[in-house]
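In: let's see this in three dimensions:
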Amino acid sequence: QVQLVESGGGLVLAGGSLRLSCVASGLTFSDYYMGWFRQAPGKEREFVAGISRSGALTAYADSVKGRFTISRVNAVNTVFLRMNSLQLEDTAVYYCAASFRGQLRLSEEYNYWGQGTQVTVSS
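Out: Purely as a prediction, here's the structure:
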């Protein structure tokens, strides 16, 4: 079956950096657009970043543009999210997801989801 497994979350000071990884199995990775979403306590899940199948096209939420970078390596079925200049408001559970259709910003367009990894930014 399809599995998406995130890693790399943790506790970091404001202004610090983290890199999240998501390894996919059970699917042809290069056929899927990939995205990162996050959900903070008491809030709805929101789009963070997305990447096309080849990696040539990316999209970001305004709140993370210029601070976060999404990338992928199809040879190892992995998508990354590099997060710099982390802010308290970035605290959330981060999920990676795979979409066959490619509407990157729409969570309902994603077919598969990981279990999430916690990112906590402290002052």
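In: for the residue most central in space within the chain, which non-adjacent residue is spatially closest?
Out: Geometric centre of the chain, nearest residue: Trp36, 2.3 Å, by Cα atoms, centre = their mean. Sequence neighbours aside, Val48 is the residue nearest to Trp36 in space, at 4.4 Å (criterion: Cβ to Cβ, 6 or more residues apart in numbering). Any C-beta I mention is one placed from the backbone N, CA and C, and that applies to glycine too.
In: what about the one you found, helix or strand, and which?
Out: Using DSSP states H and E, Val48 sits in strand 46-51.
In: who does that strand pair up with?
Out: Paired neighbours of strand 46-51 in the sheet (DSSP bridges): strand 33-39 (antiparallel), strand 58-60 (antiparallel).
In: buried stuff in that strand?
Out: 47-51 (16 or more other Cβ atoms under 10 Å).
In: returning to that earlier point: correct me if wrong: the residue nearest to the centre of the chain contacts Arg72.
Out: No - applying Cβ atoms under 8 Å as the test, Trp36 and Arg72 come out as separate, 11.0 Å apart.
In: any residues in contact with both of those two?
Out: Counting by Cβ atoms under 8 Å, 6 or more residues apart in numbering, the contacts common to Trp36 and Arg72 are Val79.
In: what ranges does this protein have for its strands?
Out: 3-7, 10-13, 18-25, 33-39, 46-51, 58-60, 68-73, 78-83, 92-99, 112-113, 117-122 (DSSP state E).
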